[in-house]
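*Asks:* Here is my input, please return the structure:
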Amino acid sequence: MEGQIVKKPKILCLHGFRTSGAFLKKQISKWDPSLFAQFDLDFPNGKYPAGGKSDIEGLFPPPYYEWFQFEKEFTVYFNLEECISYLCEYITANGPFDGFLGFSQGKVLKEHPPIKFFISISGSKFRVPSICDIAYKDPIKAKSVHFIGEKDWLKLPSEDLASAFDKPLMIRHPQGHTVPRLDEASTSQLRNWIAEVLGQPRVGVSVCEHEEKKSEKGNKVEPNGANEDKCVNMVELNEGSETI
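*Replies:* Modelled structure (predicted):
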């Protein structure tokens with residue numbers, strides 16, 4: 001309709017552990033700006049201030065944030081449900097979003113409208129059985145692209161995450177745990193993938209309810225629990241360091 005303002009598709013961009021939305025925005029700026037020219041990118045900060053040293057101190061100014069916390073083996077999480085509630089509220093206020101982009105993390109929320117696509121950079125699966133048994137039981141139908149670094153300590157988990165999706169595109173790069181600089185071939189792959197995304201109908205990717213158990217200590221979330229919590233399909237785990 002003449003004179004009508006057409007809204008750009010929106011992407012919710014979730015930063016990595018103990019960084020910030022502004023840092024992820026800087027990382028994405030390495031890529032050809034024309035790739036996301038047709039999108040409206042949103043870079044929120046995590047719910048919690050960084051609880052320890054950030055790997056980007058001295059490289060990018062604070063403050064730094066984290067979405068939730070976890071133990072060494074990534075099978076026990078803290079403040080996970082609070083993080084989910086925070087994102088649900090944020091999406092309600094600022095969405096709906098057409099797609100999600102996550103560095104080392106990503107969340108597909110139950111009550112969010114169906115999305116078109118998911119962009120994973122150095123992502124990996126959650127390792128809590130109560131989440132895995134539901135989130136990855138069937139192939140996730142959303143269109144997805146996965147950036148996987150040859151020197152990334154999460155290379156194999158990133159490949160494992162990609163296998164959870166139906167017909168994922170894997171773009172490999174020689175770098176480590178970072179948002180990579182893209183060569184001409186990778187840029188072309190991503191550009192073609194985006195063109196396909198913009199031309200296809202929405203696909204639902206949300207999942208139902210899973211069981212988790214809160215310990216008596218408060219916000220600790222343990223696997224194999226008994227309490228039912230209406231929440232998410234957690235497709236990636238927020239973990240690890242990153243570089244500019």
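*Asks:* Show me the strands in the chain, by range?
*Replies:* Using DSSP state E, the strands found in the chain span residues 10-14, 40-42, 48-49, 65-66, 69-70, 77-78, 99-103, 106-109, 117-121, 143-149, 169-173, 209-214, 220-230, 232-236.
*Asks:* So which residues of the chain form helices?
*Replies:* Counting by DSSP state H, the chain has helices at residues 21-28, 80-94, 129-135, 155-162, 184-198.
*Asks:* can I get the ones you listed in CSV with mean pLDDT, distance to residue 122 and mean neighbour count?
*Replies:* Every C-beta, even on glycine, is put in place using the N, C-alpha and C of the backbone. CSV is the format used below for the helices of the chain (pLDDT from 0 to 100; distance: least, C-beta to C-beta, whole Å; neighbours: other C-beta atoms under 10 Å):
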stretch, mean pLDDT, distance to residue 122, mean neighbour count
helix 21-28, 95, 11, 20
helix 80-94, 85, 19, 17
helix 129-135, 60, 18, 18
helix 155-162, 89, 6, 19
helix 184-198, 94, 15, 15
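*Asks:* of all these, which lies closest to residue 149?
*Replies:* Evaluated over the helices of the chain, closeness to residue 149 peaks at helix 155-162, with 6.2 Å, by C-beta to C-beta.
*Asks:* ok, and what's touching that closest one?
*Replies:* 120, 122-125, 144, 146-149, 152, 168, 170, 235-237 (C-beta atoms under 8 Å, 6 or more residues apart in numbering).
*Asks:* Quick one: low-confidence residue ranges for the chain.
*Replies:* Along the chain, segments meeting pLDDT under 70 span 1-5, 71-76, 104-114, 126-136, 200-244.
*Asks:* switch to 80 and redo it
*Replies:* 1-6, 69-81, 84, 104-115, 124-139, 200-244 (pLDDT under 80).
*Asks:* ok, and the closest non-adjacent residue to residue 102?
*Replies:* residue 14 (4.4 Å; C-beta to C-beta, 6 or more residues apart in numbering).
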